[in-house]
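> after the sequence you'll find the predicted model.
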Amino acid sequence: MFASFPPEMQAELRKKAICRSFSPGQFLYHRGDVADGFWVVEKGQVKLGHQDVQGNMHILFILGPGDSFGELACLGQFDRVLDAEALDTAQLMWVSDTIFSEIITGSPEISRQLLRILALQLQEALDDLLVVRNMPAPKRLAQRLLAFAEGREAPVRLGIKQQELAELIGVSRMTIASTLAELEALGLITRHYGHLVIEDPAALQCWMKD
């Protein structure tokens, strides 16, 4: 959401925000924590998901530079619904709820723009849901990978395992392995131990639409 804010609002938030660094595997917050602000990724990657009782992280999103998260819980004044963990060494900007609220309440125009942003995000989410329901596994995977890569410079490195990808799109590990092999044979991705690389997001986008 931060990237959609008006430039003057982004500048004001950056002036008042706090910069923090996190090590790989360090948690930023846990499900159920009070939403007293939101984060903007400056460097590195952060994964959002649900950590089970065995300590396994079930990933829903991987965020990189320019991405923000936690605004909705902050605006809605409800507790965190996901766990947030640094995927690698990451630098983030913390915007407190107090600062966020001051800027929003001080400008009716910004409040209206926020409503438009929220409405657009909801419409996009509904559109995606309708499309994804009937997609074959390779297309669903490509769509999720493109969402991870959006706004990042190619090649895009994603620290995510095959089992985590399988859970993301609701298929078996065997299916995800064959799907990744198919995309790799097309030169769209390369697989590595513990991560994969999207070589050309634009080419992946064209393939998905074909």
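Now that the structure is in, tell me what you want to look at.
> the longest helix in the chain is where?
helix 108-132 (DSSP state H).
> any buried residues in that helix, and which?
Buried residues in helix 108-132, defined by neighbour count with 16 or more other CB atoms under 10 Å: Ile110, Gln113, Leu114. For glycine as for every other residue, the C-beta is placed from the backbone atoms N, C-alpha and C.
> how about residues contacting it?
With CB atoms under 8 Å, 6 or more residues apart in numbering as the test, helix 108-132 has contacts from Met1, Ser4, Phe5, Pro6, Met9, Leu75, Ile103, Ile104, Thr105, Arg140, Gln143.
> go on, stretch 1-10?
Against stretch 1-10 from outside (CB under 8 Å, 6+ apart): 13, 38, 40, 66-68, 71-72, 103, 107, 110, 113-114, 117, 120-121, 151.
> any idea which helix or strand comes after the helix or strand bottoming out on mean pLDDT in the chain?
The weakest-scoring helix or strand in the chain, judged by mean pLDDT, DSSP states H and E, is helix 108-132 (a mean of 76). Going down the chain from helix 108-132, the next helix or strand is helix 137-149, by DSSP states H and E.
> just the buried positions in that following helix, please.
Buried, per 16+ other CB under 10 Å, within helix 137-149: Ala137, Pro138, Lys139, Arg140, Leu141, Ala142, Gln143, Arg144, Leu145, Leu146, Phe148, Ala149.
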